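> Just need the structure, nothing else, for what follows:
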Amino acid sequence: MSIHHQIIALDVMGGDFGPEVVIPAAALALDDMSGKISYIFFGDENRIKPLLGKYKVLEGISEIHHTSGIVTNDEKPSVAIRRKDTSLRLAIEAVKEGRAQSIVSAGNTGALMATAKLVLRCLPGIKRPALASVLPTRQGDTVMLDLGANLVCDAQMLVQFAVLGSVYARVVKGIDTPRVGILNVGSEDMKGPDLVREAASILTNIVFPGDYYGFVEGDDLAEGLVDVVVTDGFTGNIALKVAEGVSKLTSHYMKEAFLSSLPAKMGAVLAGCALKKVKKRMDPRYYNGGMFLGLDGICVKSHGGMDVYGVSRAILVAAHLVEQGYNSEVAHEIALVMNQQSNGIEPEGVIA
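Numbers count the residues shown, from 1 in each chain. From the prediction side, this is the model:
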């Protein structure tokens, strides 16, 4: 089921730059979704109105919901969830109330996650939502989850993450039968903790939207062996941060090398087109937009330091999830998996 028109709730006050980036990003997103989306901007009306006037493309499709409260970047989630007057909270409640179909925020990650879980709750059958993102690989893009929402997981949660990731790869990425791998310390069946081996056994014995590939190791992530990588939030967050660090280190070494001498600088000029292609392929702004999958409502987190293009990509992530009816597909597939398990499918070969 696809949605032809949708309303996106934007937490305008979130992130490092607030309305000065979020509003032009909303305008930029219309280049891909013109006529399909409109906005409710949650934040300080005195800062939003002058900026809206600069973008005629937003006329007639924008509504301002003035809010007096702002969740700061260093505010504790336990404090943020008790405040009901913030732009973040009210934007999420707009989704709960049906006024909007998705919420996008560049604000405090912990506060967004905690508030969204409190207000939206999980889809029926889902134990906990997972934070997912798309990563570049040698063979295309891979969706990886969980990236930090659940530091401790059990086997059933990993199985559900596999369903969440598979549905995303199928309905948004257009992959009919996504390959799903579980991140582990080795590819052999006997390796890894019990919860990982139990999840692997369940995925081997049930029908779900993907095709279970097996275990993948850390150095397989960049190879693109699978379309979906499943892991717990503790491991996933570390893996993501390591990948980000290696990317920054590689960029640093390349700049250092090309600026090291006159011949090197000339080489950089000659290789300019190729270097631009590499930069574009690995541009973190293109992959911006962490998805809280499994919630009863679409919620997307933009990196707080992103520029206009980066935030526009996060808006498009939310728009595509809604457009392709992601949550309806998840609810259907989770119900099928639960039905199989209730009919006696148990993991095999796992020592208790």
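> Could you check how far the spatially closest residue to residue 218 that is not a sequence neighbour is from residue 110?
Leaving aside its chain neighbours, residue 218 sits nearest to residue 239 (6.4 Å; criterion: C-beta to C-beta, 6 or more residues apart in numbering). (C-beta placed from N, C-alpha, C; glycine too.) Counting by C-beta to C-beta, to the nearest Å, the gap from residue 239 to residue 110 is 20 Å.
> so where is the stretch 201-350 of the chain shaky, pLDDT-wise?
Scanning the stretch 201-350 of the chain for pLDDT under 70 picks out 344-350.
> And the strands in it?
With DSSP state E, counting those that start in this stretch applied, the stretch 201-350 of the chain shows strands at 211-216, 228-230, 290-293, 298-301, listed in chain order.
> Check the stretch 1-150 of the chain too.
Under DSSP E, counting those that start in this stretch, the stretch 1-150 of the chain gives strands at 6-11, 37-43, 62-66, 102-105, 130-137, 140-145.
> Render the CA-only coordinates of the last one in CSV, please.
Think strand 140-145. C-alpha atoms of strand 140-145 as CSV (Å, rounded to 0.1, in the frame of the first residue of the first chain):
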residue,chain,number,x,y,z
GLY,A,140,25.5,-1.4,-3.1
ASP,A,141,23.8,-0.3,0.1
THR,A,142,23.2,-2.3,3.2
VAL,A,143,20.7,-1.5,6.0
MET,A,144,22.1,-2.3,9.5
LEU,A,145,20.2,-2.5,12.8
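> Packing partners of whatever helix or strand comes next after that strand?
Using DSSP states H and E, the helix or strand that follows strand 140-145 in sequence is helix 155-171. When contacts are defined as 3 or more C-beta pairs under 8 Å, 6 or more residues apart in numbering; DSSP states H and E, helix 155-171 sits against strand 130-137, strand 140-145, strand 179-183, helix 194-205, strand 228-230, strand 290-293, helix 326-342.
> now helix 155-171: mean pLDDT?
Mean pLDDT, helix 155-171: 95.
> thinking again about what came up before, right, so the helices and strands packed on helix 155-171: which one is the most enclosed?
strand 228-230 (a mean of 31; mean count of other C-beta atoms under 10 Å).
> Which strands and helices lie in contact with that strand?
With contacts taken as 3+ C-beta pairs under 8 Å, 6+ apart, strand 228-230 sits against strand 140-145, helix 155-171, strand 179-183.
> In a markdown table: those, plus distance to residue 27.
What follows is these, written out as a markdown table (distance: least, C-beta to C-beta, whole Å):
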| stretch | distance to residue 27 |
| --- | --- |
| strand 140-145 | 26 |
| helix 155-171 | 27 |
| strand 179-183 | 37 |
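> out of the ones you listed, nearest to residue 229?
strand 140-145 (4.3 Å; C-beta to C-beta).
> Could I get the buried residue list for stretch 59-70?
The neighbour-count check on stretch 59-70 (16 or more other C-beta atoms under 10 Å) flags 62, 64-65, 67, 69-70 as buried.
> between these, which is nearest residue 334?
Nearest member of these to residue 334, counting by C-beta to C-beta, is residue 65, at 32.4 Å.
> Distance check, that closest one against residue 30.
Computed as C-beta to C-beta, the residue 65 to residue 30 distance reads 20 Å.
> hmm, back to that, ok, which of the strands of the stretch 1-150 of the chain comes nearest residue 276?
strand 130-137 (15.6 Å).
> related to what we said a few turns ago, of all the strands of the stretch 1-150 of the chain, which lies closest to residue 244?
strand 130-137 (10.1 Å).
> Tell me which other helices or strands the closest one touches.
Against strand 130-137 (3+ C-beta pairs under 8 Å, 6+ apart) you get strand 140-145, helix 155-171, helix 233-258, strand 290-293.
> possible to save those as CSV with distance to residue 56?
Converted to CSV, these look like this (distance: least, C-beta to C-beta, whole Å):
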stretch, distance to residue 56
strand 140-145, 34
helix 155-171, 33
helix 233-258, 37
strand 290-293, 31
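> No more questions from me, cheers.
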